[in-house]
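Asker: Let me see the structure of the following:
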Amino acid sequence: MTSPTTLPRCGVTRFLLLLDGPWATLIVRELLAGPHRFTELRRALPGISAHTLTSRLRQFETYGIVTRTAFPEIPPRVEYALTPLGEGLYDVLEAMAAWAMAIPDPASVGAEQP
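Answerer: Numbering: from 1, shown residues only. Predicted structure coming up:
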C-alpha cells in the first residue's frame with residue numbers, strides 16, 4: 001500500500017488504489033447504512049477474513065474514509081462509520097450498480113431468441 005504522501009496524481013488510479021478489490025466497496029456499501037461493529041461487518045460480508053476486514057478498515061482510517069470510535073464500556077465496544085469523505089462514495093456506488101445492472105445476463109440473452 002502506498003503511503004498517504006505518495007498517492008497517485010491520476011484520480012482514477014487513486015480511486016482504484018484506495019478501493020482495490022471487491023471487499024473494499026462492499027465494506028463501504030455496508031457502512032453507508034450507518035455505523036457498524038466489527039462483528040456486524042463480518043456477518044454482513046460472508047467470506048471476508050478478520051485479517052482482510054481489519055486491514056481494509058485500517059486503510060480507510062488512514063485515508064480519512066472511516067472513523068473508528070472506541071466506547072469506554074465493559075465489554076469494550078468499537079464502531080466504524082464513514083466520514084463525510086466516505087459518504088461521498090454513495091453516488092459512486094450507485095452509479096456502479098446502475099451501470100452493472102444495465103449489462104444483460106448471459107442466461108437471459110439466449111432466452112430472448114425465438
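
Asker: Show me which residues of the host helix or strand of residue 59 are buried.
Answerer: Secondary structure from DSSP states H and E places residue 59 in helix 50-62. By 16 or more other Cβ atoms under 10 Å, the buried positions in helix 50-62 come out as 52, 53, 56, 57, 59, 60. Every residue, glycine included, has its C-beta placed from N, CA and C.

Asker: now what about that helix, what contacts it?
Answerer: For helix 50-62, the external contacting residues (Cβ atoms under 8 Å, 6 or more residues apart in numbering) are 1, 4, 18, 23-24, 27-28, 38, 41-42, 45, 66-68, 80, 86.

Asker: Output the below-cut-off pLDDT ranges for the protein.
Answerer: Where the chain drops to pLDDT under 70, the residues are 1-5, 109-114.

Asker: Just the CA trace of the helix holding residue 59, in CSV.
Answerer: Extracted in CSV, the C-alpha atoms of helix 50-62 (Å, rounded to 0.1, in the frame of the first residue of the first chain):
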residue,chain,number,x,y,z
ALA,A,50,-10.9,-11.0,10.0
HIS,A,51,-7.5,-10.1,8.7
THR,A,52,-8.8,-8.6,5.5
LEU,A,53,-11.5,-6.7,7.2
THR,A,54,-9.1,-5.3,9.8
SER,A,55,-6.6,-4.3,7.1
ARG,A,56,-9.3,-2.5,5.0
LEU,A,57,-10.7,-0.7,8.0
ARG,A,58,-7.2,0.5,9.0
GLN,A,59,-6.5,1.6,5.4
PHE,A,60,-9.8,3.5,5.3
GLU,A,61,-8.9,5.2,8.6
THR,A,62,-5.5,6.2,7.3
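
Asker: Run the chain-centre distance for that helix.
Answerer: Its chain's C-alpha centre and that of helix 50-62 lie 10 Å apart, by Cα atoms, centre = their mean, to the nearest Å.
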